[in-house]
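**Student:** model the following, please.
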Amino acid sequence: MRMVRQNFHIPPKVSVLAEINSQWERIGAGLRLPRGSNVAVAVGSRGIADLTSVVRAVVEKLRAAGYSPFVLPAMGSHGGATPEGQIAVLKARGITEQSVNAPIRASMEVSG
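**Tutor:** A predicted model of the protein is given here:
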């Protein structure tokens, strides 16, 4: 046996809302979409802490800019790759139409 010491780098805590505001200032004015445009907020199933707050903040920024945001599940085969399954995965992560104040459009249909 040997004693092993492992040191983990712990990055400083990030203010998610401040970072969203900062990034919006950087890119928001560059959006060239007509007011009222539908804008998808693609939401995955992994890797983002406090996902509901993040999605809600992005939806609020888009709406304040005059767009019509909606949530689009972006998770491939999770939830059985069905609209109902993906909505269930989002709900398990705290993402509902009520929690982010935007509709969820989970249809697997495409249009050309």
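**Student:** quick one, strands of the chain?
**Tutor:** Secondary structure of the chain by DSSP state E: the strands cover 38-43, 68-73.
**Student:** where in the chain is pLDDT low?
**Tutor:** 108-112 (pLDDT under 70).
**Student:** go with 80
**Tutor:** For the chain, the stretches flagged by pLDDT under 80 are 29, 45-47, 76-81, 107-112.
**Student:** for the protein, which helix is longest?
**Tutor:** Longest helix in the chain by number of residues, with DSSP state H as the criterion: helix 51-64.
**Student:** could you export it as PDB, CA atoms only?
**Tutor:** Once non-C-alpha atoms are left out, helix 51-64 reads as follows in PDB (Å, rounded to 0.1, in the frame of the first residue of the first chain):
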ATOM      1  CA  LEU A  51     -30.200  24.400 -15.800                       C
ATOM      2  CA  THR A  52     -33.600  25.900 -15.100                       C
ATOM      3  CA  SER A  53     -32.200  29.300 -14.200                       C
ATOM      4  CA  VAL A  54     -29.900  29.300 -17.200                       C
ATOM      5  CA  VAL A  55     -32.700  28.500 -19.600                       C
ATOM      6  CA  ARG A  56     -35.100  30.900 -18.000                       C
ATOM      7  CA  ALA A  57     -32.500  33.700 -18.200                       C
ATOM      8  CA  VAL A  58     -31.800  33.000 -21.900                       C
ATOM      9  CA  VAL A  59     -35.600  33.000 -22.600                       C
ATOM     10  CA  GLU A  60     -36.000  36.300 -20.800                       C
ATOM     11  CA  LYS A  61     -33.200  37.900 -22.800                       C
ATOM     12  CA  LEU A  62     -34.600  36.700 -26.100                       C
ATOM     13  CA  ARG A  63     -38.200  37.800 -25.200                       C
ATOM     14  CA  ALA A  64     -36.900  41.300 -24.000                       C
END
